[in-house]
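> Fold the following and give me the result.
(one chain, ligands or ions: 2)
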Amino acid sequence: MSTSREVELPTYRVTIAAGALAHIGELVTGVARAHRYAIVTDSNVGPLYAAEVRRALGEQNASVFTIPAGEAHKTRDTWSRLTDELLSAGFGRDTTVVALGGGVVGDLAGFVAATFMRGVPYVQVPTSLLAMIDASVGGKTGVDTAAGKNLVGAFHQPAAVVADTTLLSTLPADHLRAGMAEALKHGVIADADYFESASRIASTRHALDPAANAMVELVARSVAIKADIVRRDERESGVRKTLNFGHTIGHAVELCSGYTLLHGDAVAIGMVHESELAERIGVAASGTAARVRESVRVAGLPDRRPQAMSIDDVIAATRGDKKARAGRAEYALPSRIGAMAAADRGWSLPVADDDVRQVLA
Ligand SMILES: NC(=O)c1ccc[n+]([C@@H]2O[C@H](COP(=O)([O-])OP(=O)(O)OC[C@H]3O[C@@H](n4cnc5c(N)ncnc54)[C@H](O)[C@@H]3O)[C@@H](O)[C@H]2O)c1
Ligand SMILES: [Zn+2]
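Ligands and ions are numbered 1, 2, ... in the order given. Sure, this is the predicted structure:
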């Protein structure tokens, strides 16, 4: 491995390196040696990388389970099909699950690991930028239901996370762009310098070599920021709420688009409008929203609500958000680039619909 970065969480380590996949055998067996390995992947990622992972874990002991790619398959149906396949293939307690894919595979395979035989170890091998910097860290697993996303799940911490940035060379360009939104988010929440460097990298992403140190550093710094927050608050009662920046409006526009907007694109829109909201209600320094909008724009991300989308629908959707308390939407808002507001109020603030309406208009 060339440049390698490690981020330590209380119970596991995240390894980030260009070429980390070549060491997947020892990285998995070092923390979660098992009798059998179940590599869970999807129909896009599996054909590219599953054979290498299987070989590294030993062809006799490792099997590949492939789900159809896409959020539409992050369901209880897929969970039950996968667990049935594991059972009929004779997998038992002494199993380690390896989640090889984007956030969909990570959440689903993690939920399989959380529940199979009342819980077996799993290793996250994230292959999308979003999964590397966000979904694979923190131990949230689960599936979607007709009533909403991620409504059935469990907290289950991985035994390790292994992020090989060279895998991003095959990630579709729109997903690379969308992942950058979460990197910018980490900058706004916790680190102004990181915000500037993520913004620079996002603006030159077309020319970016995923094996370059810059990419390893981008992922590593984002993971470190998320890890630091998660470490302080594993079950989302306090500071972890800051990670919801951009996500109250983001989830609402994502829902109102009928999930045609990529999550990261929706979060970009959410970050712009929520920064405007923060300035409007007087918690953010002036200029914060302009800086967020500029970075979102140069990253090629959308910076406003799609004009055809009704403001009333978006507002209604913010109130249906899981994070809503007593029917009012709660917002995690910045005080400036690099710091969040309302530490003394549990890091979230209720905001009047009328203020939301003004920034969306
Ligand atoms: N658990 C958490 O804390 C957490 C946090 C954020 C998001 N999530 C979840 O993550 C999911 C979104 O993750 P995502 O954006 O990675 O979506 P995804 O898993 O659907 O991946 C995006 C697309 O890229 C493809 N792909 C992934 N890696 C590839 C590669 N290296 N080469 C080629 N194709 C590749 C996938 O097959 C898919 O088509 C959502 O379900 C979301 O709820 C979870
Ligand atoms: Zn997100």
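
> what residues does the stretch 251-361 of the chain put near ligand 1?
H263 (CB under 6 Å from any ligand atom). (Each C-beta comes from the backbone N, C-alpha and C, glycine too.)

> List the contacts of the residue in the stretch 251-361 of the chain positioned nearest to ligand 1.
Of all residues in the stretch 251-361 of the chain, H263 sits closest to ligand 1, at 5.7 Å by CB to the nearest ligand atom. Listed by CB atoms under 8 Å, 6 or more residues apart in numbering, the contact partners of H263 are 130, 178, 250, 254.

> now the residues you listed in CSV, with distance to Y122 and neighbour count?
Formatted as CSV, the contacts of H263 follow (distance: CB to CB, whole Å; neighbours: other CB atoms under 10 Å):
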residue, distance to Y122, neighbour count
L130, 18, 26
A178, 25, 25
G250, 27, 28
E254, 27, 23
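
> between the residues you listed, which is nearest ligand 1?
Using CB to the nearest ligand atom, the contacts of H263 come closest to ligand 1 at L130, 3.9 Å.

> what helix or strand is that closest one on?
helix 129-130 (DSSP states H and E).

> by contact count, what packs against that helix?
Other elements packing on helix 129-130 under the criterion 3 or more CB pairs under 8 Å, 6 or more residues apart in numbering; DSSP states H and E are helix 173-190.

> Would you map out the domains in the protein?
Following automatic domain parsing, one finds the domains of the chain at 4-170, 174-360.

> wait, does the first one contact ligand 1?
Yes: using CB under 6 Å from any ligand atom, we find that domain 4-170 touches ligand 1 at 42, 44-45, 48, 69-71, 74, 101-105, 107, 127-128, 130-131, 134-135, 138, 140, 149-150, 167, 170.

> if I pick V356, what's in contact with it?
V356 makes contact with 249, 273, 277, 314-315, 318, 329, according to CB under 8 Å, 6+ apart.

> Where does pLDDT dip in the protein?
1-2, 234-237, 321-328 (pLDDT under 70).

> G264 in helix, strand or coil?
With DSSP: H, G, I helix; E, B strand; the rest coil as the basis, G264 sits in helix.

> mind listing what the closest residue in space to it that isn't next to it in sequence touches?
Using CB to CB, 6 or more residues apart in numbering and skipping residues adjacent in sequence, the residue nearest G264 is A178, 2.7 Å away. Neighbour list for A178: 129-130, 262-265, 301 [criterion: CB under 8 Å, 6+ apart].

> redo that, cut-off 10 Å
128-130, 171-172, 261-268, 299-301 (CB atoms under 10 Å, 6 or more residues apart in numbering).

> Buried subset of the residues you listed as a ChimeraX selection?
The following ChimeraX line selects those of those that are buried, judged by 16 or more other CB atoms under 10 Å:
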select :128,129,130,171,261,262,263,264,265,266,267,268,299,300,301
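
> so how far is G102 from the residue of the stretch 151-300 of the chain found nearest ligand 1?
The nearest approach of the stretch 151-300 of the chain to ligand 1 comes at T170, 3.5 Å away (CB to the nearest ligand atom). T170 sits at a distance of 12 Å from G102 (criterion: CB to CB, to the nearest Å).

> just R293 next, same as before
Computed as CB to CB, the R293 to G102 distance reads 27 Å.

> same thing with P10?
Taking CB to CB as the measure, P10 falls 25 Å from G102.

> So those two - more neighbours on which side?
Taking other CB atoms under 10 Å, P10 and G102 do not tie; G102 has more neighbours (27 against 9).

> Apart from its neighbours in sequence, what residue is nearest that one?
Using CB to CB, 6+ apart, the closest residue to G102 is S128 (3.6 Å).

> now stretch 130-145, how far from the chain's geometric center?
Distance, stretch centre to chain centre, for stretch 130-145: 5 Å (CA atoms, centre = their mean, to the nearest Å).

> hey, C-alpha coordinates of it in CSV?
Extracted in CSV, the C-alpha atoms of stretch 130-145 (Å, rounded to 0.1, in the frame of the first residue of the first chain):
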residue,chain,number,x,y,z
LEU,A,130,-20.4,8.1,0.2
ALA,A,131,-20.0,4.7,1.8
MET,A,132,-16.3,5.4,2.5
ILE,A,133,-16.7,8.7,4.2
ASP,A,134,-20.1,8.2,5.7
ALA,A,135,-22.2,5.0,5.6
SER,A,136,-19.5,2.5,6.6
VAL,A,137,-18.6,4.3,9.8
GLY,A,138,-20.9,4.5,12.8
GLY,A,139,-22.6,1.2,13.1
LYS,A,140,-26.0,2.1,11.8
THR,A,141,-27.5,-0.8,9.8
GLY,A,142,-30.9,-1.3,8.3
VAL,A,143,-33.4,-1.4,5.5
ASP,A,144,-36.1,0.8,4.0
THR,A,145,-39.8,0.2,4.2
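
> Alright, calling it a day.
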